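**Student:** structure, please.
(chains A, B and C)
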Amino acid sequence: MELILAIVVGLLYASGIYMMLRRSLVKLIIGLILLGNGANLLIFLLGGITKGSPAIIAPDQQMLTEIYADPIPQALILTAIVISFGLQAFAIVLIKRAYIVAKTDDLYQMNSTDVYS
Amino acid sequence: MNDIILFPIINQLFFAIVTLFLWRYSRWQKAISVVGNLIGFVIAIVFLLTVWDEGILTYNAGNWAAPLGITFVGDMLAATLILLTSICGMAVSMYSAGSMDRDRLSFGYYPIFHFLLLGLNGAFLTGDVFNLYVWFEMIIISSFVMITLGGEKRQLEGAIKYFTLNVFASVIFLTAIAVLYGLTGSLNMADLSLKVAQIENKGLVEITGLLFLIGFGIKAAVFPMYFWLPASYHTPPAAISAIFGGLLTKLGVYALVRTFTLIFFDIEFLNTVILVLGGLTLFSGALGALIQNNITKMFSYLIICHIGYMIIGLGLHTELAIAGVVFYLVHDIIVKSNVFMISGLIYKLKGTYSMRDLGGMYAKHPLLSLIMAISFFSLVGIPPLSGFWPKIAFISESLKTKGGGWLIAAILFGTFMTLYIIARMWAQVFWKARPEVKIRESFLYFKDHRLLHKIEMIVPIVGLTIITLMIGFGAEKVQQLALVVSDQLINKQHYINAVLGK
Amino acid sequence: MNTIVLRTASNYLLPLLLLFSIFILLRGHNLPGGGFIGGLIAAIAFVLHAFANGLNRTKKLIKVHPGFIMPFGLAVSFLSALVPLLSNAPFMTGIWASDPIPVIGHIGSTLFFDLGIYITVLGVTLTIIFTISEAA
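**Tutor:** All right, here's what the predicted structure looks like:
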């Protein structure tokens, strides 16, 4: 399981960066989304995968005594997903506005900020 | 009395909500925002004095004890930065009341502004790495909205570059947190400080440190990762550039200082990397500023250049050098915000940012030029102005390290280049006779503004200039403060004991 | 997607989905669920309505601009986080009433915090989706 996840994380990072390096705006956003998902999966992987032992205290006990799955990585991932939800919504509106205003989705032609003036 | 840690956060959140309720009434928003920042300023002063008297304060949000819950830690570094944030926020809030156009105001400029300050205050106070990430996200989302408000072509194009690299930096930061959590199983910075020191495999620690360096380095605009800054900082109106130039890159520096003094300390490899990057940042920023004609673009490159000093100070990692970093932060936050507001004022007066078309400022506005000159020349660090003092610390500490000659060369190079750049700008904008330039139609020149708006634009500039002078002439006091801060940063046992309650 | 099946169904689905979203909001304290998910489900209910009946009809149904829902949610969350300060507990501590209330269960300051999140998420999501589909 760990090995498969590690490979998937690597693939997500690699494809995310590949997409970011393309010239199209939409691919840029897709690349960022893939990178974010890769990071989330990495947290999940590095938080340690424990199968079938939730961190729930039994009704007749005061504390956990057996090995349990760490709930913190999931809380972190949930937070990161919510944040990236907001960022993606903003990004989509941004590229749409930029496309309407600049009349191109080619990043190489969006160079009016770099022109010497 | 530990409740006071939360007051800067609660204050900004409260005013963000209030201004959100007043979405349609931008005149009310202006007044309330200025009042809110005034209250924030008072809170920040009380906070600083409390921390000064009582030592490091901690606060466990939701009553979950450290290291499990999220702890807010008010040490001297955080208190100093919150005071600077509130000063800068107050100045920019007032300046925007005078200079911001109605379109931007009606699309929620002030609520977003308060959310940005809220994020900054939270980031300075938190003692939890993941919580720091959340505050960072809050700040960048607010800054995205601020940089795109108005929706001009060059603004959107700049925003895409700004957006991409900042989100990329966040992903790297998140990756670094994941690796760090995998290594230690903790997120509390004080706890991490203890646990990272015990890790056997130093290679892994170095890699994690490098990930943090890259993530924060992009935000702080350190050498190979600064390209988003000159592409975007000059596109929004001057008030927004002022808060970005004054505070946002310094937030990256703060995060670097915090992680590399508390978590990844005494790792020679990382310190060497930081030193080299610092020197190159100085070098490339100065060269970039040299060829610019647009004054805001020139100041954007000067931000990068001057980040280099702080990075070098961090890399030297002695008590005096860290004190120099803190002093430079104090100086730079005030002066950089002021410089951007001044260039906004020049734009309002003359209708252009281009140095070729500017000129004759000194003949026409002698008093205003004098005020502007103080800020410009303290940027260079001409004694006794504020930029001078921390550089002595950097140079004297560089002398003691191996290969310090290169560092001194870089520091002196950066200083002389800044001097040349500022002198050239002074000659072009203030001394040169003004070339014939057509008066722009449908542009609201400064003289056409209402008197209240004129006052609102001048007062913050004068105020920040006075503070700059105070920092310069009261350098001894600031240096004492900086030494206390760096003492707390270097002797991290105080911080750890305060958080973990030992 | 202007089919009669969807249009008829959406009229019945809207109240059902809203009810379901409140159910999710309330059960979030012992079982999976919570303010964020509940807010998203409520937003989806309105989005479905907008798909079937057109954006303008949905806007008329909501009456206020969704952007105005946001500050209310924020204020509710903010105040509920401040409440513990009155009883000398740290900010955001959960304070619970001793006796359970029928149907809803235990009531505490966290429930109001979640309610604030529910309202905020509803407002934000609707603002985003309305803005995107308006510009199209």
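
**Student:** how far out from the middle of the chain is the biggest helix by length in chain A?
**Tutor:** Counting residues, the longest helix found in chain A (DSSP state H) is helix A:72-102. Mean C-alpha position of helix A:72-102 versus that of the full chain (C-alpha atoms, centre = their mean, to the nearest Å) differs by 10 Å.

**Student:** now it: buried residues?
**Tutor:** A:72-73, A:76-77, A:79-80, A:83-91, A:94-98, A:101-102 (16 or more other C-beta atoms under 10 Å in any protein chain shown). Every residue, glycine included, has its C-beta placed from N, CA and C.

**Student:** model confidence over it, on average?
**Tutor:** For helix A:72-102, mean pLDDT is 89.

**Student:** now check it, is it near chain C?
**Tutor:** Yes. Applying C-beta under 8 Å from any C-beta of the partner chain, one finds helix A:72-102 touching chain C at A:Val82, A:Gly86, A:Ala89, A:Ile92, A:Val93, A:Lys96, A:Arg97, A:Ile100.

**Student:** any chance of those residues in TSV, with distance to C:Lys59 too?
**Tutor:** Listed next are the residues of helix A:72-102 next to chain C as TSV, based on distance: C-beta to C-beta, whole Å:
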residue	distance to C:Lys59
A:Val82	26
A:Gly86	23
A:Ala89	19
A:Ile92	21
A:Val93	18
A:Lys96	20
A:Arg97	21
A:Ile100	22
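
**Student:** and the residues you listed, which is closest to B:Gly127?
**Tutor:** A:Val82 (22.1 Å; C-beta to C-beta).

**Student:** up against chain B, what does chain C have?
**Tutor:** Within reach of chain B by C-beta under 8 Å from any C-beta, chain C has these residues: C:67-68, C:70-71, C:74-75, C:78, C:82, C:84-85, C:89-94.

**Student:** ok and the residue in chain C nearest chain A?
**Tutor:** Residue nearest to chain A within chain C (C-beta to the nearest C-beta): C:Ile128, separated by 4.6 Å.

**Student:** in the helix or strand harbouring that residue, what counts as buried?
**Tutor:** For C:Ile128, the host element (DSSP states H and E) is helix C:109-135. Of the residues in helix C:109-135, C:109-130 count as buried by neighbour count, 16+ other C-beta under 10 Å.

**Student:** next, the buried residues of the helix or strand hosting C:Val76.
**Tutor:** C:Val76 is part of helix C:69-86, with elements assigned from DSSP H and E. By 16+ other C-beta under 10 Å, the buried positions in helix C:69-86 come out as C:69-78, C:80-84.

**Student:** helices or strands up against that helix?
**Tutor:** helix B:7-21, helix C:109-135 (3 or more C-beta pairs under 8 Å, 6 or more residues apart in numbering or on different chains; DSSP states H and E).

**Student:** tell me which residue in the stretch 251-400 of chain B sits closest to chain C.
**Tutor:** When you check the stretch 251-400 of chain B against chain C by C-beta to the nearest C-beta, the closest residue turns out to be B:Arg258, at 22.0 Å.

**Student:** what strand or helix carries C:Phe46?
**Tutor:** Assessed by DSSP H and E, C:Phe46 sits inside helix C:35-53.

**Student:** does anything pack onto that helix? Which helices or strands?
**Tutor:** Using 3+ C-beta pairs under 8 Å, 6+ apart: helix C:35-53 touches helix C:4-27, helix C:55-62, helix C:109-135.

**Student:** against B:Leu83, how distant is B:Val92?
**Tutor:** 15 Å (C-beta to C-beta, to the nearest Å).

**Student:** between those two, which is the more surrounded one?
**Tutor:** The neighbour count for B:Val92 versus B:Leu83, taken as other C-beta atoms under 10 Å in any protein chain shown, is higher for B:Val92 (30 against 21).

**Student:** give me phi/psi at the more buried one?
**Tutor:** phi -70, psi -40 (degrees, to the nearest 10).

**Student:** residue contacts, the residue sitting nearest the centre point of chain A?
**Tutor:** Centrality entry for chain A: nearest residue to the mean C-alpha point is A:Gly36, 1.6 Å, by C-alpha atoms, centre = their mean. Contacts for A:Gly36 (C-beta atoms under 8 Å, 6 or more residues apart in numbering or on different chains) come out as A:Gly16, A:Ala80, A:Ser84, A:Leu87, B:Val167, B:Val171, B:Leu174.

**Student:** mind running it again at 6 Å?
**Tutor:** Listed by C-beta atoms under 6 Å, 6 or more residues apart in numbering or on different chains, the contact set of A:Gly36 reads A:Ser84, B:Val171.

**Student:** what does it show for phi and psi?
**Tutor:** phi -60, psi -40.

**Student:** for the residue located most distally from the centre of chain C, what are its contacts?
**Tutor:** Most distant residue from the mean C-alpha position of chain C: C:Asn88, 29.9 Å away (C-alpha atoms, centre = their mean). Counting by C-beta under 6 Å, 6+ apart, C:Asn88 makes contact with nothing.

**Student:** quick check: it is in a strand.
**Tutor:** No. Assignment of C:Asn88 by DSSP: H, G, I helix; E, B strand; the rest coil gives coil, placing it outside any strand.

**Student:** other residues contacting stretch B:367-377?
**Tutor:** Contacts for stretch B:367-377 (C-beta under 6 Å, 6+ apart): B:Val335, B:Asn338, B:Val339, B:Ile342, B:Met361, B:Tyr362, B:Leu385, B:Ile422, B:Phe430, B:Thr465.

**Student:** change it to 7 Å
**Tutor:** Contacts of stretch B:367-377 with the rest of the structure, by C-beta atoms under 7 Å, 6 or more residues apart in numbering or on different chains, involve B:335, B:338-339, B:342, B:361-362, B:385, B:422, B:426, B:430, B:461-462, B:465, B:468-469.

**Student:** what does stretch B:469-479 give?
**Tutor:** For stretch B:469-479, contacts defined as C-beta under 7 Å, 6+ apart pick out B:Ala323, B:Phe327, B:Val330, B:His331, B:Ile334, B:Ile374, B:Ser378, B:Pro384, B:Leu385, B:Ser386, B:Trp389.

**Student:** repeat that for 8 Å
**Tutor:** With contact meaning C-beta under 8 Å, 6+ apart, stretch B:469-479 is reached by B:Ala323, B:Phe327, B:Val330, B:His331, B:Ile334, B:Ile374, B:Ser378, B:Pro384, B:Leu385, B:Ser386, B:Phe388, B:Trp389.

**Student:** in it, which residues are buried?
**Tutor:** B:Leu469, B:Ile471, B:Gly472, B:Ala475, B:Val478, B:Gln479.

**Student:** then stretch B:364-384?
**Tutor:** B:365, B:368-369, B:371-381.

**Student:** ok, which pair from those is furthest apart?
**Tutor:** B:His365 and B:Gly381, at 25.2 Å, using C-beta to C-beta across the buried residues of stretch B:364-384.
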